[in-house]
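Asks: Just to be clear, the model below is a prediction. Sequence and coordinates:
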Number of protein chains: 2
Amino acid sequence: MPQNRQIVLDNCPVGEAVATNFKLVSTDTPALAEGQVLVRHHYLSLDPYMRGRMNDSKSYAAAQPLGQVMIGGTVGEVVESRHTKLAVGDKVVGMGGWQEYSVVDANVPGSLRKVDTTHVPLSHYLGAVGMPGVTAWYGLVKIIAPKAGETVVVSAATGAVGSAFAALAKARGCRVVGIAGGPDKCAYAVNELGFDACVDYKEHADYISLSKALKTVCPDGIDGYFENVGGMVMDAVLVRTNAFARIAVCGMIAGYNGAPLPMTNPALILVNRMKVEGFIVSEHMEVWPEALTELGTLVATGKLRPRETVAQGIEAAPEAFLGLLKGKNFGKQLVKLV
Amino acid sequence: MPQNRQIVLDNCPVGEAVATNFKLVSTDTPALAEGQVLVRHHYLSLDPYMRGRMNDSKSYAAAQPLGQVMIGGTVGEVVESRHTKLAVGDKVVGMGGWQEYSVVDANVPGSLRKVDTTHVPLSHYLGAVGMPGVTAWYGLVKIIAPKAGETVVVSAATGAVGSAFAALAKARGCRVVGIAGGPDKCAYAVNELGFDACVDYKEHADYISLSKALKTVCPDGIDGYFENVGGMVMDAVLVRTNAFARIAVCGMIAGYNGAPLPMTNPALILVNRMKVEGFIVSEHMEVWPEALTELGTLVATGKLRPRETVAQGIEAAPEAFLGLLKGKNFGKQLVKLV
């Protein structure tokens, strides 16, 4: 029975999250019951939504219980099976959490999804061909619903969601503009991810300055926006929206640490007759098959080549997560566990 | 040829609108061309949207040109006709503006609508059975789309839009809660307009205090909100929204004078997966016949008994309008011209 190293939430952050909110523990993996499998995790996904769950307050998800393994998406390999439909060696995606192994009741619908790594690398099932990719797909296709020729914008452009958003929007004939932090990320967005332009928000001291930069790269205004960030970036985009713009609200990362960030001019929602809609992709499981098919094809054909930042070992997860919250990652943030 | 007294926009407000932004002028009414009618206005409608047009800046409507008659809805009587389908004595609704008479080309689609005053008083065609009523209908039916048993809230509850909203929402089996300024308006909302409860925002110094009062009268949370005001009232409502709440944004009256008012916690749009949608009823002419039929029936059967505040004479229009912006009116603000 292998030892299983785990990261648990030890205490809730007061203001900014810090490494001492987490604790590394080690346990034995238990013997399997009928219907269960033991999965050895190859990769753990780190995502901004986890920060919201660390608060002892209302979020869209249940709070992360203290002393329990942090929740998180994982890909791995079945190393022991007492389930007829899963064999040792199968590659699976699940919500295994911040740990090296998980014991999963494979009879629970949606608990594990077997994946094919012939054309898609295993790690991508946590990014472009996983939850972040479907998130981009839902916001673009179901909320923004762009027409060819429209201009759509995404913040956190080089992240897992942003890069999938760009490939999906280009496939629909849109002009796609990114917003990212730093010249390296902006160059990467344009040169590697297919963005038509990318604006570096770090060059701008306030939303008015940033909105002027957006005007230059969005000469026909903004028809759709995928919100990953909030705050000054959102304020700047709203100034440039066209009538009947659609805003898909997926993240407010800038507001997770500390006080809420206001929206400076909500009257623009009326002035431009906008639709602003928040969503969580896990509440729209009906779109996953269609979305994953399109995303898998984009990856397999080289039209979506997502970048990853990979930390090594479960003990590196807390620092990698804190870096993600500060935008230090470049592309999808993963922790490699094997 | 009668003399026609008119109010024109003399200069744009700097900050708060004042009486000297307007000027009273007098002209002859011109002779009619073929297809035209001369309408003597009985009532002029005063509405918050007019303040937005007085700015020399981007609004959803074109700016009001200086030196020209202020735009506005009117009801009146045809007193001279060179159009085959309209006769002297016909009662008509139109956009005659802040003046005693208007010359209208009746061949322009939508320029004049003949109305029946058998069961609905003429003035109500500017309120409950006119643009404000249809505005309430569109926000409730097309954006909030409530189920029976849901809780819906409207700000500016005793105004023309708010009172129509209450009757329409009660007809759909909702719990309807109003927000208004002062104990008289709140009592009137509950006793005369059919609201289940009404909260006096003037009793609260900030949005947190107001949101606590809303919790008491919305024990099951808020599923739909019709936004007429913005600012602190909107902030307070958003705190009490349920998952998948729908917010119809129709007005931001508190922000028209001076700087834009922020939305304090836009992250709630994500947390509660809300849909926030701005609209202008004049862009949805397709719903008017259905909406006016329902509203006319509610008035004719006594289920919607809207209150009016009536100023006397065209010269009283500017002060009545400035009072409207400060919430001094009680129900639909009109100017009686005959």
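Replies: Here it is on my side, so go on.
Asks: Contact residues of the stretch 201-338 of chain A facing chain B?
Replies: Neighbours of chain B within the stretch 201-338 of chain A, by Cβ under 8 Å from any Cβ of the partner chain: A:230, A:234, A:243, A:249-252, A:255, A:260-267, A:269-280, A:283. Every residue, glycine included, has its C-beta placed from N, CA and C.
Asks: Pretty sure residue A:40 sits against residue A:79.
Replies: Yes - counting by Cβ atoms under 8 Å, residue A:40 does reach residue A:79; the two are 4.7 Å apart.
Asks: Show me the helices in chain A, by range?
Replies: With DSSP state H, the ranges of helices along chain A come out as A:49-53, A:131-137, A:160-171, A:183-191, A:207-217, A:232-239, A:253-256, A:267-271, A:288-300, A:317-325.
Asks: how about a markdown table for those helices, with mean pLDDT, mean neighbour count and distance to residue A:66 added?
Replies: As requested, the helices of chain A are arranged in a markdown table below (pLDDT from 0 to 100; neighbours: other Cβ atoms under 10 Å in any protein chain shown; distance: least, Cβ to Cβ, whole Å):
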| stretch | mean pLDDT | mean neighbour count | distance to residue A:66 |
| --- | --- | --- | --- |
| helix A:49-53 | 87 | 20 | 12 |
| helix A:131-137 | 96 | 27 | 25 |
| helix A:160-171 | 96 | 27 | 28 |
| helix A:183-191 | 96 | 18 | 35 |
| helix A:207-217 | 98 | 17 | 37 |
| helix A:232-239 | 96 | 24 | 32 |
| helix A:253-256 | 56 | 22 | 18 |
| helix A:267-271 | 93 | 25 | 38 |
| helix A:288-300 | 95 | 18 | 31 |
| helix A:317-325 | 96 | 20 | 15 |
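Asks: Excluding chain neighbours, what is closest to the one residue sitting closest to the centre of chain A?
Replies: What sits nearest the mean C-alpha location of chain A, by Cα atoms, centre = their mean, is residue A:132, with 4.1 Å. Closest residue to residue A:132 apart from its sequence neighbours, by Cβ to Cβ, 6 or more residues apart in numbering or on different chains: residue A:160 at 3.6 Å.
Asks: quick revisit: are any of the residues of the stretch 201-338 of chain A next to chain B buried, and which?
Replies: A:230, A:234, A:249-252, A:255, A:260-267, A:269-280 (16 or more other Cβ atoms under 10 Å in any protein chain shown).
Asks: what's the distance between the nearest residue to residue A:252 once chain neighbours are set aside and residue A:239?
Replies: Using Cβ to Cβ, 6+ apart and skipping residues adjacent in sequence, the residue nearest residue A:252 is residue A:230, 3.6 Å away. As judged by Cβ to Cβ, to the nearest Å, residue A:230 and residue A:239 stand 15 Å apart.
Asks: Let me see the contact set for the closest residue to residue A:28 other than its chain neighbours.
Replies: Excluding the flanking residues, the one nearest residue A:28 by Cβ to Cβ, 6+ apart is residue A:1, at 5.3 Å. Going by Cβ atoms under 8 Å, 6 or more residues apart in numbering or on different chains, residue A:1 touches A:28-31.
Asks: Need the residues that contact stretch A:314-328.
Replies: The list of residues contacting stretch A:314-328 from outside it, by Cβ under 8 Å, 6+ apart, reads A:5-7, A:17-19, A:21-22, A:24, A:44, A:46-48, A:50-51, A:70, A:98-100, A:156, A:181, A:253, A:256-257, A:309, A:311, A:329, A:333, A:335, A:337.
Asks: Okay, now the unreliable bits of the stretch 51-200 of chain A?
Replies: The model of the stretch 51-200 of chain A has pLDDT under 70 over residues A:57-61.
Asks: Neighbour count for residue A:40 and residue A:79, which is higher?
Replies: Neighbours were tallied for residue A:40 and for residue A:79 using other Cβ atoms under 10 Å in any protein chain shown; the higher tally belongs to residue A:40 (19 against 15).
Asks: Compute the distance between the more buried one and chain B, please.
Replies: Separation of residue A:40 from chain B (Cβ to the nearest Cβ, to the nearest Å) stands at 34 Å.
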